[in-house]
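A.B. asks: model this:
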Amino acid sequence: MSELKTNKISTNDQNNVAIDNALQIKGYTAAERDALTASAGDMIYNEDDGTIDFYNGTAWFSTSGSTFPFAVSYLVIAGGGGGPPSFGGGGGAGGYRNSYASETSGRNSSTETPLSIAKGTNVTVTVGAGGVGYLSGNDSVFSTITSVGGGRGGQYSSQGTLGGSGGGGAGVGSTDAIGGQGTTNQGFAGGTGNYYVNNIGAGAGGGGASEVGGDARNPEAVNVSGGHGGDGLSSSITGSAVTRAGGGGGGVGYEGSGSVGSGGSGGGGNGAKNQNNPGDGTVNTGSGGGGGGGVQVSGSQSSNGGSGIVILRWATADATISSTRTGLVDGGVQTAGSDSYIVFTGGEGDISFS
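C.D. replies: Now for the predicted structure:
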C-alpha cells in the first residue's frame with residue numbers, strides 16, 4: 001500500500017497548503033514520458049529539458065521555457081467546388097470551420113475550441129485551391145484542423161458530389177438529380193435538379209456554409225429556374241465582418257425562359273443559361289462556382305470554385321509568429337486591439353511561434 005509521509009503540512013487563513021521543504025515531482029526522460037498512459041492533468045519533471053511538463057488530455061506541454069502553449073483562434077475555409085457546363089448544378093462551398101469568439105461554425109454549428117499550440121514547433125498550413133472547371137475544391141489545413149473541399153456540381157443528369165458543402169444536382173435525366181451531401185459541422189448539402197424535358201432542365205444550387213442549396217423549380221414548365229446557392233457565414237476574426245463560403249447557383253437549359261440560380265451570399269457564382277459563362281466563386285472565400293446552361297458541345301462553359309483561406313488570431317502578448325513562412329502567401333501580421341492576426345491566401349508550408 002502506498003503511503004504519504006510528511007513532517008509538517010499546515011494551512012494559513014486563506015486555506016492554502018504550505019510545505020516547508022521542496023516538492024519533488026517524479027522525473028522521466030522525454031521518451032519515458034511519451035510512453036506513459038497519461039490522463040489530463042498529469043505532471044512530471046522532464047529530465048531531458050529540465051522543465052515541468054503537464055498532459056492536457058491530448059499532448060504533453062512544458063509549463064516553462066519556449067514551448068509553453070498558447071491559444072490560437074482560427075477560421076479555416078476549403079476551396080469551393082466548380083460548376084459544370086451542361087444543365088449544371090452549382091458547386092458547393094468549401095468546408096467552414098471557425099473557433100473565433102462565439103461565432104457560428106459551418107452548417108450552423110457551435111464555435112469550435114481554439115487550438116493550443118506549443119511554441120517552437122512547426123505547424124502546417126495549407127490553403128485549398130478552388131475546383132477548376134468540373135472539379136471539386138481542395139482541402140484547407142491548420143495543424144489538426146482540416147476543412148473539406150466543396151463538391152462539384154452535377155452535370156447533364158448526374159448527381160452533385162459530396163464535399164464540405166455538397167454540389168447541386170444537374171438538370172437533365174429521366175428523374176430528378178439530388179445534390180451531394182455536405183460534411184457535419186462544415187457545410188450543407190446541394191439541392192435537387194429538375195429532370196430534362198424538351199431541353200428545359202435546370203440545375204440546383206450548391207450548398208453553402210449556412211444553408212442548403214436551393215432546388216430547381218417548376219419541372220416540365222417553360223419557366224423552370226435554377227436553384228439558388230446556399231448562403232455563407234460571416235466572421236469578424238479580422239476585426240470586420242466578412243461573409244464567405246456561399247454555394248454556386250444552378251444553370252438553366254438553353255430553351256428555358258426561367259431565371260438562373262443566383263450565387264449564395266459570401267461569393268457564390270451565378271448560374272448561366274444556354275452557352276453563357278457561369279460565374280466563378282470569389283477568390284479566397286471558398287465559394288462554389290455557378291452551373292452552366294448549355295449542352296455538351298463546343299463553347300459550353302464551366303466555372304471555377306473560389307480558393308479557400310486560413311486566418312489565425314492570438315493574443316499579441318502570448319506569442320510572435322516566425323517571419324519565415326516559406327511556401328505560403330500572406331499579408332503579414334496585423335493587429336486588432338490586443339490581438340494579432342494573419343491571413344493566408346495561398347500555398348502550403350509550415351509556421352512556428354516564439
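
A.B. asks: How about the contacts made by residue 107?
C.D. replies: Shown in contact with residue 107 (C-beta atoms under 8 Å, 6 or more residues apart in numbering): 96, 182, 183, 184, 185, 186, 187, 188, 209, 210. C-beta: built from backbone N, CA, C; applies to glycine.

A.B. asks: Would you mind giving the secondary structure of it?
C.D. replies: The three-state label for residue 107, taken from DSSP: H, G, I helix; E, B strand; the rest coil, comes out as helix.

A.B. asks: separation between it and residue 185?
C.D. replies: Using C-beta to C-beta, to the nearest Å, residue 107 is found at 6 Å from residue 185.

A.B. asks: related to what we said a few turns ago, cross the contacts of residue 107 against strands and list the overlap.
C.D. replies: Using DSSP state E, residue 96 are the members of the contacts of residue 107 that sit in strands.

A.B. asks: With respect to residue 165, which of the contacts of residue 107 is nearest?
C.D. replies: Comparing the contacts of residue 107 against residue 165 with C-beta to C-beta places residue 187 closest, at 3.0 Å.

A.B. asks: neighbours around that closest one, how many?
C.D. replies: Residues contacting residue 187 under the criterion other C-beta atoms under 10 Å number 44.

A.B. asks: okay, it: pLDDT?
C.D. replies: Reported pLDDT at residue 187 in the predicted model: 97.

A.B. asks: so where's the stretch 1-150 of the chain uncertain?
C.D. replies: Under the criterion of pLDDT under 70, the regions of the stretch 1-150 of the chain flagged as low confidence span 1-18, 63-68.

A.B. asks: how about the CA coordinates for stretch 281-289, as PDB?
C.D. replies: The C-alpha atoms that make up stretch 281-289 are tabulated as PDB, following Å, rounded to 0.1, in the frame of the first residue of the first chain:
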ATOM      1  CA  GLY A 281     -16.700  31.600 -56.900                       C
ATOM      2  CA  THR A 282     -15.000  34.600 -55.400                       C
ATOM      3  CA  VAL A 283     -11.300  34.100 -54.700                       C
ATOM      4  CA  ASN A 284     -10.400  33.400 -51.000                       C
ATOM      5  CA  THR A 285     -13.900  32.900 -49.900                       C
ATOM      6  CA  GLY A 286     -14.200  29.100 -50.600                       C
ATOM      7  CA  SER A 287     -17.400  29.700 -52.500                       C
ATOM      8  CA  GLY A 288     -18.800  27.500 -55.300                       C
ATOM      9  CA  GLY A 289     -18.900  28.300 -59.000                       C
END
